[in-house]
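> I would like the atomic coordinates for the input below:
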Amino acid sequence: MRDFIGELQKKPYATRVKILWGATAAFAIILVVIWSVSLKSTIENSSGQPLIPQTSEDSNVSQEETSFLTVERTETTGNTLKIYFNLNNQTDDILNVSKIADIELTTEGGTLKPTKMTDRQGLTFVQKILSHTQNFGILTFPAANGNEATLIFNEMFLEKNPEALLKQTIELDFSKLNQDSKVRN
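Got it, this is the predicted structure:
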């Protein structure tokens with residue numbers, strides 16, 4: 001190889017330029033041939049089916065039957081009521097969570113709006129829950145009167161079908177939910 005390069009260096013400048021352009025053209029032709037063969041095999045192997053499987057609306061989980069929200073327990077301290085909840089998205093779609101203004105707690109004394117919605121670490125609760133994911137949170141309300149209430153999450157929707165708004169309603173019995181949580185090992 002050193003001898004070949006030495007021989008090229010001894011040739012006149014015009015000859016070296018011709019050899020350079022010839023080698024460049026040869027490599028370009030080789031690349032175009034490889035690209036066209038690759039493109040031809042890609043076209044022949046394409047079946048028109050998408051690479052990522054698409055779920056149809058019929059095979060998706062029925063939105064009316066899907067229950068995303070569960071309440072684990074409640075805690076009353078001073079003038080606040082904390083509701084420990086979790087949202088479990090078992091669908092193949094992203095769940096958009098209700099905004100704090102779209103959540104209400106209906107009790108004997110009237111309708112209450114939450115003052116804040118956080119995760120269990122005290123950070124702001126997520127706005128979107130990915131598919132097959134569960135998120136835990138705490139809703140903080142002013143103290144509620146009575147032993148029973150209805151928690152309503154309005155304006156939830158799945159990312160693929162934002163027109164279909166979901167509403168989740170849960171009946172709460174504070175006497176059963178005020179019990180201390182059991183420690184898990």
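> contacts, neighbours, all on C-alpha from now
Noted.
> Just give me the neighbour total for the closest residue in space to Glu171 that isn't next to it in sequence.
Excluding the flanking residues, the one nearest Glu171 by Cα to Cα, 6 or more residues apart in numbering is Thr150, at 4.6 Å. Residues lying near Thr150 (other Cα atoms under 10 Å) number 15.
> List the contacts of Thr150.
For Thr150, the contact set (Cα atoms under 8 Å, 6 or more residues apart in numbering) comprises 105-107, 169-172.
> a markdown table for those, including pLDDT and secondary structure?
Below are the contacts of Thr150 laid out as a markdown table (pLDDT from 0 to 100; DSSP: H, G, I helix; E, B strand; the rest coil):
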| residue | pLDDT | secondary structure |
| --- | --- | --- |
| Leu105 | 89 | strand |
| Thr106 | 88 | strand |
| Thr107 | 86 | strand |
| Thr169 | 88 | strand |
| Ile170 | 87 | strand |
| Glu171 | 88 | strand |
| Leu172 | 85 | strand |
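> Now the two most distant members of those.
Thr107 and Thr169 (13.2 Å; Cα to Cα).
> Now do the residue nearest to Glu171, the pLDDT please.
Note on Thr150: pLDDT of 89.
> List the buried residues of stretch 135-149.
For stretch 135-149, a neighbour-count test (16 or more other Cα atoms under 10 Å) marks 135-142, 144, 149 as buried.
> Domain map for this protein?
Under the assignment automatic domain parsing, the domains of the chain span 2-43, 69-177.
> Just name the most buried of those.
domain 69-177 (a mean of 17; mean count of other Cα atoms under 10 Å).
> measure that one end to end?
By Cα to Cα, to the nearest Å, the extent of domain 69-177 from end to end equals 15 Å.
> returning to what we had before: which strand residues bridge the residue nearest to Glu171?
Here Thr150 sits in beta bridges with Thr106, Glu171, going by DSSP bridges.
> now it: how far from Arg73?
Taking Cα to Cα, one finds Thr150 at 14 Å from Arg73.
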